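> task: produce atomic coordinates for the following.
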Amino acid sequence: MSDLAALLLSSLDPSSRKAAEQNLHSLSQQPGFLPHLLTLVLTPSQERPARLAASVYLKNVVKNRWDEDTNPIPLADQAAIRADIVPAMISLSGPGDKAMRAQLAETVALIAAVDFPDRWSDLMETLVASLSGSDHAANLAILETAHSIFFPWRSKTRTDELYLTINYVLGRFLEPFLAFFRSSATLLLASPTETLAATMVEATKIFYDLTSQDLPPAIEDAHAEFFKPEEGWFSRFMLWDPVELRGDPDDPTPSLPDQLKTTTIELVELYLHKYPEMLAETKSVEAFVQIVWNVLGSGTLNGARDDVFVSQSLQFISTAIRSNMYKHVFSARDTISNLVQGVVVPNIGLRDYELEQFEDDPLTFVRQDLALPGTGDAATRRQAAADVVRALVASGAEAEMTEVAGAWIERGLAEYEKDRQGDGWKAKDSAVYLVGAVAAKGTTTQHGVTATNALVDVVEFFSNNVVQDLQAPPGSIHPVLQVDAIKFLYTFRAQLSKEQLLAVLPLLQEHLKSENTVCYTYAAIAIERILFVRRGTQLLFTQADIRQFAPALLDLLLSRIEAGGSAQKVAENDYLMRCAMRVIVTARQTLTPVYQQVLLRLVNILGVVSQNPSNPSFDQYIFESISALIRFIVAGNPVTLDVFEQTLFGPITVILQQDVEQYIPYVFQILAQMLALHTSGAPTAYRGLLQFLVQPPVWGQKGNVPGLVKLLKAFLSKDTAYMVESGSYVSVMAVVQQRLIPSRNNDGWGFELLEGVMVNIPGSTMKQYYRPLILELLKRMQTNKTEKYIYRFMRFFMFGFAVQIDNMNPDLIIGTVEEVQQGLWPNVLKNIILPQVPKMPAQDRKLIAVGLTRMLTHSEKAVQPGIIETWPLVFTTLAKLLSEPQHLKSSPQISSDADAEIGFTQIDYEEQSAGYQAAYSRLAASEGPAVNPVAYVANAQEFFVKEMAAWKEPRKAALVEAADQSVAGAVVATLRQAGAI
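Residues are numbered from 1 along each chain as shown. Next comes the predicted model:
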């Protein structure tokens with residue numbers, strides 16, 4: 001491993017990255033790799049980029065393999081890392097070590113999420129023992145580590161396991177932490193230093209972590225010490241602003257006092273949500289509101305560095321208003337007027353640096369501008385100020401707020417009319433933004449405004465003040481006003497009629513030609529969201545609505561994308577690609593005349609971005625676009641499948657050969673989609689891939705597994721004869737048994753692939769492979785079962801019983817289990833399968849009912865000595881299931897077009913923030929309707945009666961009588977009435 005540092009540096013260079021990553025992957029399989037990597041991080045003589053790369057690589061290996069059961073990190077390496085990583089964090093306490101320390105802190109959190117406290121029982125003691133009375137830099141590293149461990153508690157759902165962990169921490173960490181907090185706060189307020197201030201910021205974050213689920217008694221008892229107005233620590237932090245820590249006013253990074261105030265306000269807001277009665281006792285909210293109001297109204301917080309604190313303070317005011325506990329503070333009209341004038345209006349206009357961003361960093365401007373307060377996104381000042389307005393409207397002060405805001409809106413519009421050629425546009429920009437705030441009562445990212453203020457006529461304001469900016473030629477008005485017009489349309493799209501939206505689509509199409517990046521990007525965003533508008537459950541726009549302009553619209557969008565030139569520039573604007581995808585999804589078969597040109601352009605764009613994948617969202621949308629073209633064009637004209645295959649096989653081969661790992665999961669899904677469209681066998685080009693698809697390395701990437709399973713299922717379904725003749729199904733079974741079933745992460749995909757084998761490969765062919773399979777399933781059940789595994793295990797047996805194919809029947813499976821060990825089947829049935837029946841999800845109930853029915857009536861082994869005793873138990877369980885008939889009938893068949901629409905309404909990827917670390921990115925367009933193994937049964941209750949009537953077993957009546965009649969009585973009566981017994 002002597003060349004490890006050189007390999008890490010090579011992995012940072014695009015020209016050598018691929019080879020370096022492959023070598024690093026090989027090294028990472030060797031015992032001792034992780035401790036060696038950690039040593040490199042701590043070696044000052046190594047180049048800093050290599051050390052930072054080592055810390056990132058260490059984190060990623062831990063993230064991907066720490067809890068992996070098929071390729072685990074050696075136990076000795078895990079123990080070494082647990083022992084050394086906290087001391088390593090503490091040693092990296094210098095100012096220049098912050099980036100590496102952050103990576104190690106995240107690594108500690110990842111390990112703790114799996115190992116703490118069971119396998120890392122001394123972690124808290126190590127952290128507490130390391131706290132120092134004088135080494136503030138070391139304390140900062142320790143608190144950053146603790147915060148990284150506790151932070152996930154903030155968003156977790158309450159469970160017994162979580163609370164056991166929290167109580168474990170509180171018992172070992174809380175008392176010394178509070179003592180440390182008090183001594184550090186005292187020292188900070190008396191003799192402030194940068195390191196001490198940074199330590200106090202982390203300590204306040206930890207205070208939040210420790211109270212995010214419940215209020216520990218020690219903190220509850222000391223509430224006044226921390227929250228009492230003027231005297232409490234947090235009140236004092238809010239008024240603390242030492243000159244020596246204010247820093248450079250031009251530095252966009254918030255000063256440490258501002259960071260401490262921001263974390264304090266976050267904490268008070270948490271208490272407002274969870275422990276309002278505690279704040280009410282000490283009248284803390286009124287005091288904090290007054291402090292915040294005074295600071296915001298001072299006119300001194302105008303820099304970019306103040307944004308986070310201002311936004312958080314405004315969010316706190318919104319939360320206080322929405323709590324409805326402080327109407328006496330906010331309900332008076334004069335108070336509202338002062339709040340709007342002193343707090344809202346000064347923060348709702350665009351700042352000078354935001355205008356610079358509008359010109360110089362337009363996509364960052366757009367992403368920040370689209371953020372919604374309260375959704376986890378960091379709000380800008382104007383968003384947070386607008387949210388104060390929305391809170392007042394929602395709190396019952398609708399009339400007062402509308403009146404006050406209306407005056408400011410009229411004032412802004414009037415100022416614009418007086419100074420159209422100068423800076424008057426700024427006043428109109430603020431006025432339009434304020435209208436959006438006061439008019440919108442309910443907003444979602446997906447649907448825009450869902451409820452409006454009845455006192456504001458949005459459509460009238462749009463007609464009188466906005467539409468002319470939408471129609472204005474480029475350059476005739478300030479581009480911000482054109483963006484405002486487009487955004488107003490985007491925001492209130494749900495309030496406009498279909499005719500009105502169709503009328504403005506050509507205007508938006510024109511704005512795609514704008515030279516201003518924000519303008520054409522917002523035009524793409526608005527078009528995409530308009531095409532997604534629904535009325536009830538139906539999409540508002542159909543392919544007939546846009547068939548006339550869809551080709552031109554796609555041409556504009558793809559031209560914009562192609563103009564980027566380099567891989568990174570082409571892929572940076574995912575909003576354009578998302579819009580292109582939505583146009584394809586909406587236009588569907590009407591694109592048939594131009595689909596080849598569109599496909600070629602998409603493939604060429606893919607060729608450019610594949611040289612350096614950099615934007616996961618863009619990649620998702622371009623593959624979704626290709627998949628949607630295949631889906632709709634081939635559905636209308638099957639002969640076009642050959643064109644798609646000829647066009648795509650070349651680029652797909654390149655992606656596979658060059659191992660573009662970000663794209664391979666998509667490639668497998670596209671191949672599966674095209675193969676599934678064949679009606680007889682698979683072309684030779686597909687069969688040539690089979691050997692590659694069952695090799696262990698390709699299954700080593702987590703993201704590949706779902707696509708591989710889908711592709712192999714397509715082979716099993718569409719090329720069954722070849723899979724049997726060539727013996728390829730044996731390799732598929734080997735993948736199931738060796739790679740998938742043993743893995744907690746992939747066992748579900750193993751069972752899904754197994755179902756594909758069972759449905760397509762004849763039972764007589766498969767019989768010899770069921771015994772080793774059953775052995776593997778039982779071994780996993782015995783050594784490493786999980787709730788998910790028990791569910792899939794049970795579903796596998798029911799699937800095998802229920803499915804109606806040649807040479808496949810319940811006795812094949814029951815007999816195989818008995819071959820493993822005589823008398824084993826009754827144990828499996830009584831201890832695993834039957835107890836799981838009531839827990840099965842609704843969508844599986846019909847499958848379970850049919851499977852149990854066929855086991856009772858189609859199995860000779862079920863009535864043989866040693867097993868027959870379980871027959872009444874199965875009957876009783878099935879009778880209870882049949883008493884819930886709502887899940888036991890077939891749903892109405894959905895047309896393929898309707899099915900497509902249902903699938904495509906789900907193509908929304910705001911949540912894809914995990915980037916290429918995401919385990920799997922599903923292509924919605926490639927998904928076909930789910931195969932129903934019991935589609936042959938319309939009604940499970942009727943099927944049960946019919947099968948019982950047809951069952952020619954002389955002991956039938958006695959077996960039925962042996963069931964628990966208190967549960968099965970009604971079902972038995974039904975059988976008698978039907979003459980089935």
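> quick one: the strands in the chain?
Counting by DSSP state E, the chain has strands at residues 440-444, 448-452, 534-535, 538-539.
> for these, give me CSV that also has mean neighbour count, mean pLDDT and distance to residue 862.
Just so you know, the C-beta spots here come from the backbone N, C-alpha and C atoms, and that holds for glycine as well. CSV is the format used below for the strands of the chain (neighbours: other Cβ atoms under 10 Å; pLDDT from 0 to 100; distance: least, Cβ to Cβ, whole Å):
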stretch, mean neighbour count, mean pLDDT, distance to residue 862
strand 440-444, 16, 82, 53
strand 448-452, 17, 86, 55
strand 534-535, 11, 90, 50
strand 538-539, 14, 92, 48
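> using TSV, please lay out those strands together with distance to residue 322.
Putting those into TSV (distance: least, Cβ to Cβ, whole Å) gives the following:
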stretch	distance to residue 322
strand 440-444	12
strand 448-452	15
strand 534-535	28
strand 538-539	33
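> can you say which of the ones you listed is nearest to residue 366?
In terms of Cβ to Cβ, the element of the strands of the chain nearest to residue 366 is strand 448-452, at 15.9 Å.
> give me the sheet partners of the closest one and which way each runs.
When pairing is defined by DSSP bridges, strand 448-452 lines up against strand 440-444 (antiparallel).
> neighbouring contacts of the partner strand?
372, 390, 393-394, 449-453, 491-492 (Cβ atoms under 8 Å, 6 or more residues apart in numbering).
> mind picking the one among these that's closest to residue 957?
Among these, residue 450 lies closest to residue 957 (Cβ to Cβ), at 60.1 Å.
> now the closest one. Nearest residue, chain neighbours left out?
Nearest residue to residue 450, sequence neighbours excluded (Cβ to Cβ, 6 or more residues apart in numbering): residue 442, at 4.2 Å.
> what distance do you get for that neighbour to residue 579?
Noted for residue 442: a distance of 25 Å to residue 579, by Cβ to Cβ, to the nearest Å.
> so for residue 587, which of the strands of the chain sits nearest?
strand 538-539 (12.4 Å).
> quick one: strands adjacent to that closest one?
Paired strands of strand 538-539, with direction, are strand 534-535 (antiparallel) (DSSP bridges).
> roughly how far is the partner strand from the heart of the chain?
For strand 534-535, the distance from its own C-alpha centre to the chain's C-alpha centre is 25 Å (Cα atoms, centre = their mean, to the nearest Å).
> count of residues packed around the residue nearest to residue 317 when sequence neighbours are not counted?
Nearest residue to residue 317, sequence neighbours excluded (Cβ to Cβ, 6+ apart): residue 388, at 5.5 Å. A count of nearby residues for residue 388, using other Cβ atoms under 10 Å, gives 26.
> tell me if I'm right that residue 388 and residue 321 touch.
Yes: using Cβ atoms under 8 Å, residue 388 is in contact with residue 321, at 7.1 Å.
> count the residues that sit near residue 275.
For residue 275, using other Cβ under 10 Å, the count is 18.
> and the gap between the nearest residue to it once chain neighbours are set aside and residue 174?
Excluding the flanking residues, the one nearest residue 275 by Cβ to Cβ, 6+ apart is residue 215, at 5.8 Å. Taking Cβ to Cβ as the measure, residue 215 and residue 174 are separated by 12 Å.
> contacts only, for residue 681.
Neighbouring residues of residue 681 by Cβ under 8 Å, 6+ apart: 718-719, 721-722.
> mind doing that once more with 6 Å?
residue 719 (Cβ atoms under 6 Å, 6 or more residues apart in numbering).
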